[in-house]
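Asks: Sharing a model that was predicted from the sequence below.
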Amino acid sequence: MNRVFEIMSCVFRFLQSALLFIFLSSDSIFSQSAWHWQHPLPAGNTLNSVDFISDQTGFAAGDLGCIIKTTDRGKNWIELSSGTVNNIHKIKFLNVNTGICAGKNGLLMRTKDGGIYWETVTGLSLPDIHDIDIAGNTFFICGLNGNVMKSADGGNIWISINAQGGLPLFCISFLNEFTGVCGGYNTIIKTTNGGISWNNLNAGILPATQITEIKYTDSNKIYAAGNSQPGDFYFSNDGGSNWQRNSLGLQYLYGGSVDLVRAMDFRDADNGYIVTDLGTILNTSDGGSHWNKDSSQRFSYLKTEIFKDVLYNDNGNIFFSGNGGKVLKKPDCGEELIILTGNNINFYDSYTAENGDVYCTSDSGIILRKKPDHRNGKKFLLQRMLF
C-alpha cells in the first residue's frame with residue numbers, strides 16, 4: 001500500500017507540472033530574489049525553534065535567517081530583519097530585550113533591543129551550532145565539533161569551556177551555572193564546575209544514536225531523547241549515575257521513512273512532550289515511564305506536519321514550531337491545538353509567464369498565481385486558479 005502511495009504521489013506531481021506548463025508555456029526565468037512571502041504572513045520558512053519569554057512575548061526562528069515575533073500571545077506576528085540567510089537552529093531570550101540565536105556555519109547573533117537589531121558575533125570560528133540554554137544570566141551553546149561555550153554578559157564575550165574530541169553535540173541543559181549536561185552522538189556528558197571539566201556518563205545509549213534533546217529537570221532527574229528507530233527515551237533519577245531506557249514505539253511511515261525524534265521539553269519532573277520529524281506528538285505525565293501519542297496534526301501522505309521544536313512557557317502552555325512557518329499552541333489543560341501562524345502548503349513547481357505573473361503548483365491540486373496588484377498598496381496578489 002505504501003508503494004502505491006509513492007507512485008501516486010509521483011504521478012500527481014508530474015501531472016501538476018505538466019498541466020501548468022501546457023497552460024502557461026514561456027521561456028521566462030524567474031529570479032528567486034524577487035520572491036516575497038504573501039501567504040502565510042509574516043513568513044512561511046520552516047521554523048526550527050520557538051521561545052516565549054513571557055505570556056505575551058514570543059519569538060520563532062528558522063530557515064534562511066527567518067525570525068518572527070509576537071507581543072500579543074501569538075495573535076499577530078511580525079518578521080524581524082536578521083541580516084543573515086543562514087538557517088537558524090535555536091533562538092533563546094534572557095529577557096524581553098536580550099537574546100541570541102545560533103545555527104548553520106557557526107552563525108551566532110545577539111540582540112539587545114528585542115530583536116529589532118541583530119549583531120553577528122565574530123571571531124569564534126565555530127562550525128554549526130545546534131542548541132542554546134540559559135542558566136541564571138549565562139548563555140551556553142553547543143555545536144558540531146563538540147565545542148561548548150558560555151557567555152555571562154548577554155552574548156558579547158564567549159569562553160570555550162569544552163572540546164569533546166570532535167564528536168558532535170546536539171543539545172544542552174544546565175540546572176544552574178555550574179551543573180549541566182550535553183547530549184551528542186552516542187554520548188551524554190556532564191559538568192559540575194561550570195564546564196571546566198566534563199565526565200562521560202554511561203547511559204547505555206544504543207549504537208548510532210543521536211541524543212537530540214536533553215533536559216535537567218531537578219537535581220536528580222535528567223531526561224534525554226534519542227533518534228534511533230523506534231525512538232528512545234533515557235532517564236536518570238540520581239543525577240546521571242544510573243540510567244534506564246524506554247522505547248517510544250515510533251513507527252516507520254510513508255513507505256519506510258523513519259519518524260525521528262526532533263525535540264523535547266518538560267514542564268516539571270512529570271509532564272513532558274516530544275515531537276518528531278513526521279508529525280507525531282507524544283506526551284507523558286509520569287516522568288517518561290509511559291508516553292501517549294497524539295498524531296492529530298498528521299494530515300495525509302502528501303501533506304505531512306513536520307515538527308522542529310516544542311516549548312513549555314511559565315504558564316504551562318505548550319508551543320510547537322515546524323514547517324510552513326507554523327507556530328501552534330496547546331493551552332494548559334486544553335486538548336485542541338491552535339494554529340497561531342503559518343500553514344501546511346507544500347509547493348512542487350513554479351513557472352513565470354511573459355507578463356511577469358508567477359504560477360505555482362502545490363498540494364490538493366491547487367495552482368496559485370502571483371501577480372502585480374497595486375490596489376490598497378499591495379505588491380502582489382496571490383490567487384487560487386485551479387482546485
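Replies: Alright, I've got the coordinates. Residues are numbered from 1 along each chain as shown.

Asks: so where's the stretch 251-387 of the chain uncertain?
Replies: For the stretch 251-387 of the chain, the stretches flagged by pLDDT under 70 are 253-256, 295-305, 332-335, 343-387.

Asks: Is residue 291 in contact with residue 276, as I believe?
Replies: No - taking contacts as CB atoms under 8 Å, residue 291 lies outside contact range of residue 276: 11.5 Å. Every C-beta, even on glycine, is put in place using the N, C-alpha and C of the backbone.

Asks: hey, what's in contact with both of those two?
Replies: Taking CB atoms under 8 Å, 6 or more residues apart in numbering as the contact rule, residue 291 and residue 276 both touch residue 282.

Asks: If you count surrounding residues, which of these two has more?
Replies: residue 276 (27 against 20; other CB atoms under 10 Å).

Asks: Name whatever forms a beta bridge with the more buried one.
Replies: Applying DSSP bridges to residue 276 gives these bridge partners: residue 261.

Asks: Please name the residues that touch the closest residue to residue 252 other than its chain neighbours.
Replies: Ranked by CB to CB, 6 or more residues apart in numbering and with sequence neighbours excluded, the top spatial neighbour of residue 252 is residue 258, at 6.4 Å. Shown in contact with residue 258 (CB under 8 Å, 6+ apart): 229, 250, 252.

Asks: wait, the first one sits on residue 247?
Replies: Okay, so that is residue 229. No - with contact defined as CB under 8 Å, residue 229 does not count as touching residue 247 (9.8 Å).

Asks: Pick out whichever of those two has more residues nearby.
Replies: Ranked by neighbour count (other CB under 10 Å), residue 229 and residue 247 place residue 229 first, with 17 against 12.

Asks: Verify the assumption that residue 268 is located in a strand.
Replies: No - assigned with DSSP: H, G, I helix; E, B strand; the rest coil, residue 268 falls outside any strand and is coil.

Asks: For residue 206, see how far away it is.
Replies: 27 Å (CB to CB, to the nearest Å).

Asks: Just checking, which helix or strand succeeds the strand or helix carrying residue 225 along the chain?
Replies: In this assignment (DSSP states H and E), residue 225 forms part of strand 222-226. Per DSSP H and E, the first helix or strand lying C-terminal to strand 222-226 is strand 232-236.

Asks: and that following strand, which strands flank it?
Replies: Note on strand 232-236: by DSSP bridges, its sheet partners are strand 222-226 (antiparallel), strand 244-247 (antiparallel).

Asks: Which stretch among these is buried most, on average?
Replies: Counting by mean count of other CB atoms under 10 Å, strand 222-226 has the highest mean neighbour count of the strands paired with strand 232-236, with a mean of 27.

Asks: Please work out which residues outside that strand touch it.
Replies: Strand 222-226 is contacted from outside by 171, 173, 181, 183, 188, 203, 205-206, 209-217, 231-236, 239-240, 248, 261, 264, 266, 272, 274, 287-288, using CB under 8 Å, 6+ apart.

Asks: Quick check: the gap between the residue nearest to residue 149 when sequence neighbours are not counted and residue 263.
Replies: Counting by CB to CB, 6+ apart, residue 149 lies nearest to residue 158, which is 4.7 Å off, once chain neighbours are set aside. Distance, residue 158 to residue 263, using CB to CB: 24 Å.
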